[in-house]
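> I need the structure of the sequence given here:
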Amino acid sequence: MKYLIGIVLAATILYGAWPYYALYRIDDVLGAGEVESLGPFVDVDALRESYRHRIGTDLERLLPEQAAAPVLAWLQEPLEQIGKEAVAHTVTLEWVRDRLRQAARVHSDEAVPYFLSAIDYAFFESWDLFLVRLGEIGRSETFVRLELQDGAWRIVDIID
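Prediction:
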């Protein structure tokens, strides 16, 4: 019985440390400068979908109901399409690297701003989601969401 408890405890500790190790590897890749090496740590399609969803939500909030302003409602669909195309061209591995490096520079007190040095909070949201906050709450913090996909932790959202 002690052996079984020890195995379960060791597995739990390893699972809990796993996303932190992924953050360490992401920090290492960001410092290296090779954009292609960031690929295994980023789900670009999920990032794009997240930004597309935010654009759609923002447009719905900004534009009134169709009955109230038919001209603005008529413009909503082309604006959403333009936003989706802009996201498809903008959200790339280079963009992710630059966003993470910029967030590290803004939120780190270190002379050389490493990604890890800018992290103020990192913990599980659920068993397969891990949330990282760069910077203090209320000070233009940046959130990075990692998701467990196919046996690896990948960045699926960056929220400013």
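> got a list of what Gly31 touches?
The contact partners of Gly31, by C-beta atoms under 8 Å, 6 or more residues apart in numbering, come to Tyr114, Phe115. Every C-beta, even on glycine, is put in place using the N, C-alpha and C of the backbone.
> Name the helix or strand of this protein that has the lowest mean pLDDT.
helix 70-90 (a mean of 65; mean pLDDT, DSSP states H and E).
> can you dump the C-alpha coordinates of the strand or helix carrying Glu94 into PDB?
Element membership for Glu94, per DSSP states H and E: helix 93-107. Taking Å, rounded to 0.1, in the frame of the first residue of the first chain, the C-alpha atoms of helix 93-107 are listed here in PDB:
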ATOM      1  CA  LEU A  93       5.200  32.300 -34.500                       C
ATOM      2  CA  GLU A  94       7.200  35.500 -35.000                       C
ATOM      3  CA  TRP A  95       4.300  37.500 -33.600                       C
ATOM      4  CA  VAL A  96       4.000  35.200 -30.600                       C
ATOM      5  CA  ARG A  97       7.800  35.400 -30.000                       C
ATOM      6  CA  ASP A  98       7.700  39.200 -30.200                       C
ATOM      7  CA  ARG A  99       4.600  39.500 -27.900                       C
ATOM      8  CA  LEU A 100       6.100  37.200 -25.200                       C
ATOM      9  CA  ARG A 101       9.500  39.000 -25.400                       C
ATOM     10  CA  GLN A 102       7.700  42.400 -25.200                       C
ATOM     11  CA  ALA A 103       5.700  41.300 -22.200                       C
ATOM     12  CA  ALA A 104       8.900  40.000 -20.500                       C
ATOM     13  CA  ARG A 105      10.600  43.400 -21.100                       C
ATOM     14  CA  VAL A 106       7.600  45.300 -19.700                       C
ATOM     15  CA  HIS A 107       7.100  43.200 -16.600                       C
END
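> Please, where are all the strands along this protein?
Using DSSP state E, the strands found in the chain span residues 119-126, 129-134, 142-149, 152-159.
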